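Peer 1: next come a sequence and a model predicted from it.
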Amino acid sequence: MGPNVHPETRAAVEASLTKLKYSPNLAARALAGGDQVRVGVLYGNPSVASPSEFLVGCLEQARVSCVALVMKKCGVDQNDRDVVRALLAAGIDGIILAPPLCDSEPLHRFIRGVGVPAVAVASATPRAGFVAVRIDNRAVARAMTRHILALGHRRVGFIVGSPDRNSSAQRLAGYVAALAEAGFLPMTP
């Protein structure tokens, strides 16, 4: 509602919206104004399974929300900044950063500099100016290790992830903490 709406009218409309549990229909808004929300998704995980599951989830939510996704892969041979520039040229309204890009300080700095809203998914080290969706990797690894020990297993191995990812170090710390609580020393290679 515009600024010229009478306060009593505004209150009546807002009460009706609340009573009816109204939420805006993005598809209708796009049809009415010709603008569709466009979100860029940057991914670069070398694992085949990880991006697939993440991207399928993004596509499903985009369908439900009537949002157009523009997906771009960032790799070793690509300049992440060029990819972001291409997304901006395509008219995106925001960016989603999948792992491991979610923890790339140079990429975060560049995106902050161009002023586009961004969300870092599964970030081990959230940065100022970004919305972050994350899990507590240390607590999860600790809980999983405790569960395995509670099942009676006494030789519990751990595959350390990429050494350049904070999430790997956090998971290892959770694993070691659970073993220490149970009185076990972690196995060494």
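Peer 2: On my side now, so go ahead. Everything numeric in this text was worked out from a predicted model, so none of it was measured.

Peer 1: all strands for the chain, in order.
Peer 2: 38-43, 68-73, 94-97, 118-121, 131-133 (DSSP state E).

Peer 1: could you export the ones you listed as JSON lines, including mean neighbour count, mean pLDDT and distance to N79?
Peer 2: All C-beta spots, glycine's among them, are computed from the backbone N, C-alpha and C. Formatted as JSON lines, these follow (neighbours: other C-beta atoms under 10 Å; pLDDT from 0 to 100; distance: least, C-beta to C-beta, whole Å):
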{"stretch": "strand 38-43", "mean neighbour count": "22", "mean pLDDT": "90", "distance to N79": "12"}
{"stretch": "strand 68-73", "mean neighbour count": "16", "mean pLDDT": "88", "distance to N79": "12"}
{"stretch": "strand 94-97", "mean neighbour count": "23", "mean pLDDT": "91", "distance to N79": "15"}
{"stretch": "strand 118-121", "mean neighbour count": "21", "mean pLDDT": "89", "distance to N79": "17"}
{"stretch": "strand 131-133", "mean neighbour count": "14", "mean pLDDT": "84", "distance to N79": "24"}
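
Peer 1: dump those into CSV; add distance to F54 as well.
Peer 2: Shown next, in CSV, are those (distance: least, C-beta to C-beta, whole Å):
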stretch, distance to F54
strand 38-43, 7
strand 68-73, 10
strand 94-97, 9
strand 118-121, 7
strand 131-133, 11
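
Peer 1: and of these, who's closest to D80?
Peer 2: Proximity to D80 (C-beta to C-beta) singles out strand 38-43 among the strands of the chain, at 7.4 Å.

Peer 1: could you list the low-confidence segments of the chain?
Peer 2: Low-confidence segments of the chain (pLDDT under 70): 1-4, 21-34, 45-51, 75-78, 186-189.

Peer 1: show me the domain layout of it.
Peer 2: 26-133, 137-181 (automatic domain parsing).
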